[in-house]
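Engineer: how does the following fold in three dimensions:
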Amino acid sequence: MKRIASMVLAIAMLLTIGLAAAEAYTTDFDVPATGKPLVIYSWNDEFQGMLKNYYIPAVGGTVEDDGTMILPNGDKIEFVINPNDGGVYQQKLDAALSAGEKLDMFLMEADYALKYVNSDYTLPLSEIGITEDALKDQYPYTVDVARDENGAIKGSSWQAAPGLFLYRRSLAEKYLGVKTPEEMQEKVKDWDTFLETAREVAKASENATKLIPSNGDVWQVIRTKRESPWVNDDLELVIDDQVKWYFDFAKTLRDENLTANANPWSEAWNAGIGNDSIMGYFFSTWGIQWVMTGNCGGAAPGEGTYGDWAAVDGPQPYYWGGTWLAAASSCENKPLVKDIIEYFTIEEGSMKDYCLKSKDYVNNTVAIQNIIDAGFTFDFLGGQDHYSLFQAVTPLIDTSTMSPYDQNINMLMDTEVNSYVNGDKDFDTAIADFKNAVVDMFPEITAE
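Structural biologist: Residues are numbered from 1 along each chain as shown. I've put the predicted structure just below:
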């Protein structure tokens, strides 16, 4: 999933606060030493922080002053981090994998997981000692994403990533007369109603507040419910009716000035979480506790917009992101990779511990149900139990249109959509240029 600097700061703050206030979780560690460091490739330091703040203390390891992680057996964990921007992470990872460099484990995002799952660069989990039955408590779609064309499972995720619509309670009451999440859901229950509500917010606030930051935020929802994958089995580009609908919907939003025109991940987009310029955001699980809390301007109810948010289902179910842990085919320490994957993605106790401290939505149905049954609430959302909403959305997630090309094709389409909504191109030209851009990037794909 995409990450930004403010998110990294939020992670550090939340982990420090959460771990200091909670009882330490411990687990047995019996992995033999190899005398070699475990090398992990990633695009940011999120998982590195998870290892330092959860796994290392739990197994009795240490973290040196320079951040070096040392396991109880004396082995070290090393990270190679390259940013996702511009596809740099994949380029560096591909180069390392093809060159046979020392690499034990790497992280994959939903947008390109299949690229690595259906390659010789990843090991089936069965080859490191993890059976499919061990994943029985994970949400099924997360298992299927990591299943290769031959049925082998080649990755495991610590999180499920269903999405919701998040909105400011005070702004909704001020401009819409909405006082409860149930009333707000009626205002965004489908896309026609959503559009009318966007108009209502803009008019009532005299354009001081917009319902959403940009048309790009809508795409995060629409892209997961398309009728067809971007590329079919014959390697043909497919532009289905949902994509064409999105072009028109985005144009309406821009022509009527119904968004804040704050592109995703921009400074204004992040700032809107902490001011009154934007009423709502589409986010999945990770976005709430990392991005929103890090940009709300506070750390407790009453500070900034902390505590003034609430969650509803929104116009349609969707997912956004997700991260899978994979064992590289060049892995030289399978027992340690197995232990890490089990700790973060399989063991109920450690996953429940991480869930409660981080507020992430872990990929373990038993742990999540136990947390909900115990009366879970989140003060950032005004004491709301949004886990129950996530729990209802997750079975509706459909990954059948996922393809190895998603990240790059989505990027190319976004460029053409913006050209269209800005009036730089008409629809037919934008679509034609989109097709040409895809074929230029991926010569194996044809586009009629």
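Engineer: how long is stretch 185-195 from one end to the other?
Structural biologist: Terminal residues of stretch 185-195 lie 13 Å apart, using C-alpha to C-alpha, to the nearest Å.
Engineer: give me the contacts around that stretch.
Structural biologist: With contact meaning C-beta atoms under 8 Å, 6 or more residues apart in numbering, stretch 185-195 is reached by 165, 172, 176, 178, 197, 211, 249, 252-253, 258, 280, 312-316. Using the backbone N, CA and C atoms, a C-beta is placed for each residue, glycine as well.
Engineer: again with stretch 419-433
Structural biologist: Stretch 419-433 is contacted by residues 215, 239, 247, 250-251, 253-255, 416-417 when judged by C-beta under 8 Å, 6+ apart.
Engineer: so which of the contacts of stretch 185-195 sit within strands?
Structural biologist: Among the contacts of stretch 185-195, the ones falling in strands (DSSP state E) are 165, 280, 312.
Engineer: who are the contact partners of the last one?
Structural biologist: The contact partners of residue 312, by C-beta under 8 Å, 6+ apart, come to 164-165, 167, 181, 184-185, 188, 389.
Engineer: now it: how far from residue 172?
Structural biologist: From residue 312 across to residue 172, the span is 10 Å (C-beta to C-beta, to the nearest Å).
Engineer: what is in contact with the two at once?
Structural biologist: Common contacts of residue 312 and residue 172 (C-beta under 8 Å, 6+ apart): residue 184.
Engineer: quick revisit: in PyMOL, select just the buried ones from the contacts of stretch 419-433.
Structural biologist: Here is the PyMOL command that selects only those of these that count as buried (16 or more other C-beta atoms under 10 Å):
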select buried, resi 215+239+247+250+251+253+254+416+417
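Engineer: neighbours around residue 285, how many?
Structural biologist: Burial of residue 285 is recorded as 28 neighbouring residues (other C-beta atoms under 10 Å).
Engineer: try the one 4 residues further on
Structural biologist: Look at residue 289: counted by other C-beta under 10 Å, it has 21 neighbours.
Engineer: okay, the nearest residue to it once chain neighbours are set aside: pLDDT?
Structural biologist: Once flanking residues are discounted, residue 289 sits nearest to residue 359: 4.0 Å by C-beta to C-beta, 6 or more residues apart in numbering. We note a pLDDT of 92 for residue 359 in this prediction.
Engineer: burial check on residue 359, number of neighbours?
Structural biologist: 22.
Engineer: do the same with the one 10 residues further on
Structural biologist: By the criterion of other C-beta under 10 Å, residue 369 has 13 neighbours.
Engineer: contacts only, for the nearest residue to it once chain neighbours are set aside.
Structural biologist: Setting aside the residues directly before and after it, residue 369 is nearest to residue 391 in space (C-beta to C-beta, 6+ apart), at 7.7 Å. Going by C-beta under 8 Å, 6+ apart, residue 391 touches 368-369, 372.
Engineer: on the three-state scheme, the spatially most central residue of the chain is what?
Structural biologist: Nearest to the mean C-alpha position of the chain, by C-alpha atoms, centre = their mean, lies residue 321 at 3.0 Å. Secondary structure, DSSP: H, G, I helix; E, B strand; the rest coil: residue 321 is coil.
Engineer: how close does it get to residue 193?
Structural biologist: Between residue 321 and residue 193 the computed distance is 26 Å (C-beta to C-beta).
Engineer: same question, residue 88
Structural biologist: Applying C-beta to C-beta, the value for residue 88 to residue 193 is 40 Å.
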